[in-house]
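Student: Provided below are the primary sequence and the corresponding predicted coordinates.
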Amino acid sequence: MYSFFVLGLIPGTNISISFQVWLMLMAALLVGAIIAKPYLARYIRDNFVNPRPAPLHASQLHLRAL
């Protein structure tokens with residue numbers, strides 16, 4: 001992995017990237033993370049922190065006459 005950063009070569013391929021391309025990729029990842037953060041935070045909050053209660057079955061909604 002260290003050679004990837006030093007030489008700009010992607011291991012196992014013949015592809016090399018320049019420093020400018022690496023900077024553009026990192027900038028794109030940063031912008032993507034900034035854009036996705038509110039959606040990801042809402043997804044985590046809605047599904048893990050405050051999950052919705054399970055829906056009730058119809059028999060649980062009505063009282064039966066004794």
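Tutor: Received it, and whenever you're ready, just let me know what you need.
Student: The residue nearest the centre of the chain sits in which helix or strand?
Tutor: In the chain, the residue lying closest to the centroid (C-alpha atoms, centre = their mean) is Leu40, at 6.1 Å. Secondary structure assignment for Leu40, by DSSP states H and E: helix 19-44.
Student: That helix: how far from the chain's middle?
Tutor: Offset of helix 19-44 from its chain centre (C-alpha atoms, centre = their mean, to the nearest Å): 10 Å.
Student: Now do it: which elements does it pack against?
Tutor: On a contact count with 3 or more C-beta pairs under 8 Å, 6 or more residues apart in numbering; DSSP states H and E, helix 19-44 meets no helix or strand. Where you see a C-beta, it was placed from the backbone N, CA and C, and this is true even at glycine.
Student: Now it: average pLDDT?
Tutor: Per-residue pLDDT over helix 19-44 has a mean of 92.
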